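Q: Pasting a predicted model and its sequence here:
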Amino acid sequence: MASLEDLPSDPNYVYFKSVDRVQCRPILTGENAKPTFESIPTIDASQIFSADLEARKILAEEIGQAAKDVGFFYLVNPPVSPDKMDAAFDALAKFFALPHDVKMKYHVNNSPAAKGFTPVNPADKRKGFGGAREAFGMGNDYTNPEQHAIKVAPAGTVPLNQWPDDELPEFRQNVYSYFTEVYLFAKKLVQIFALALGLEETALDQFFEVPFTDITINHYPPQPDETEYKQVLYPHADYGAFTLLAQRKIGGLEVLNANAIWVKVPVIEHAFVVNTGSYFELISGGRWRSTIHRVCAKGNTDRTSLPFFFSPSPTTTIYPMVPAEDEGLKDLHRNIGKEHIRGMMADRPTHPFVKKLKALGLRPDDYTYEMVSQPLV
Ligand SMILES: O=C(O)CCC(=O)C(=O)O
Ligand SMILES: [Fe+2]
């Protein structure tokens, strides 16, 4: 994959990669500027579990408008306990503070689904991998009893998550108590999004029976030698249905508007920043955008962000659920499991699982998500 730093640099354009294609947007100012957003809307989520359908519809209307106009919005008063969010952030801070050698015991190469620790690697310029970022990921793993309410793994399933139980015995529990609340919140949000499309509240549930869930915590460590405010996570659009991002103390997230101006997303403590991704762009027939965003930081900041990526079930094939506004999406069908494996092959060419899959000589059409959690022969 081409390095993002190889993207052309032109003072009149912003270049970015969206769903594997290099794209650019002209910077429009003065009388050339189009009407577009200059801040991220704030929506109160307190009625999300209201027994009153009308209250849920009002919320849906606001969310649908924000997804259409911006692709990003804050949800304040979410149904997730601030204490659990804080405990997850605290546990993560302890993990990132462990000695490098200890963190490397949980390296992503040990997990076929690339869950675990990704070290800082400034030489790696692929989206989200290089620069000043280390990460810890966890996600679907039905060998973990904490996920048995979602699904129980069939016999022979390989564990995918890695937990630093020896060094931080409370880490797993703190991450899972947060995950469990955010999961229920995300499932309910799917229904609110269905209402926002003018569909029955349960119309999208079929796509999310055993959803893809993925928390990949980003840690942008301090860079005392860096005095410039600069990109630490490259411009990109998220793949999934939607992302529920928790920020704490230090901001840095920026979102690209239609005039190619970067709009800052300051921290609102215990709120979520929600953004719609490419799977929702398809399901909504192009109404909801997968908006480009990046992270910038300067010098001595030590930032941790906690995104929860939510996507349809790996066995599902998605398509527009309302008449497509975008011609290119009209006849498009995307199988989530195949997309996932394809993405992993492109993003992680040196990962042992990817090498094994390549050695088997399978065609992309033969990929199934089960290959990740069943031993590859
Ligand atoms: O760190 C952030 O605020 C955003 C992270 C992000 O965009 C991502 O992980 O996809
Ligand atoms: Fe992102």
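A: Perfect, I can see it now. Ligands and ions are numbered 1, 2, ... in the order given.
Q: Is Thr243 in a helix, a strand, or coil?
A: For Thr243, the assignment made with DSSP: H, G, I helix; E, B strand; the rest coil gives strand.
Q: Numbering from 5 from now on, please.
A: With 5 as the first residue, the last one maps to Thr247.
Q: burial of it, as a residue count?
A: Applying other C-beta atoms under 10 Å, we find 23 residues neighbouring Thr247. In short, each C-beta sits where N, CA and C put it, glycine included.
Q: That one: what's it in contact with?
A: Listed by C-beta atoms under 8 Å, 6 or more residues apart in numbering, the contact partners of Thr247 are 278-279, 281, 311-314.
Q: how far away is the nearest residue to Phe246 once chain neighbours are set aside from Phe76?
A: Spatial nearest neighbour of Phe246, excluding adjacent residues (C-beta to C-beta, 6 or more residues apart in numbering): Thr280 at 5.1 Å. As judged by C-beta to C-beta, to the nearest Å, Thr280 and Phe76 stand 8 Å apart.
Q: who's more crowded, these two?
A: Between Thr280 and Phe76, Thr280 has the larger neighbour count (other C-beta under 10 Å), namely 29 against 24.
Q: Would you agree that one is in contact with Ile287?
A: No - taking C-beta atoms under 8 Å as the definition, Thr280 is not a contact partner of Ile287, at 9.5 Å.
Q: Overlap in contacts, these two.
A: Ala245.
Q: Sort out which residues of stretch 267-280 are buried, please.
A: By neighbour count on 16 or more other C-beta atoms under 10 Å, the buried set for stretch 267-280 is 267, 269, 271, 274-280.
Q: So for Thr280 and Phe76, which residues contact both of them?
A: Counting by C-beta under 8 Å, 6+ apart, the contacts common to Thr280 and Phe76 are Thr295.
Q: packing partners for the helix or strand where Arg346 lies?
A: Per DSSP states H and E, Arg346 falls inside helix 340-351. Applying 3 or more C-beta pairs under 8 Å, 6 or more residues apart in numbering; DSSP states H and E, we find helix 340-351 packed against helix 356-363, helix 374-377.
Q: and if we set it to 10 Å?
A: Applying 3 or more C-beta pairs under 10 Å, 6 or more residues apart in numbering; DSSP states H and E, one finds that helix 340-351 contacts strand 216-224, helix 282-287, strand 307-315, strand 321-322, helix 356-363, helix 374-377.
Q: So for that helix, mean pLDDT?
A: Averaging pLDDT along helix 340-351 gives 88.
Q: so how far is Leu203 from the closest residue to Lys72 other than its chain neighbours?
A: Closest residue in space to Lys72, ignoring its immediate chain neighbours: Arg291 at 5.4 Å, by C-beta to C-beta, 6+ apart. Separation of Arg291 from Leu203 (C-beta to C-beta): 12 Å.
Q: who's more crowded, the two?
A: The neighbour count for Arg291 versus Leu203, taken as other C-beta under 10 Å, is higher for Arg291 (20 against 14).
Q: Any chance of the backbone angles for that one?
A: The phi/psi pair for Arg291 (degrees, to the nearest 10) reads phi -70, psi -40.
Q: Would you confirm that it contacts Val326?
A: Yes - the pair Arg291 / Val326 is scored as a contact, 7.3 Å apart, by C-beta atoms under 10 Å.
Q: Flag every residue of this structure that's near ligand 1.
A: Taking C-beta under 6 Å from any ligand atom as the measure of proximity, the chain contacts ligand 1 at 132, 222, 237, 242, 249, 257, 297, 299, 309, 311.
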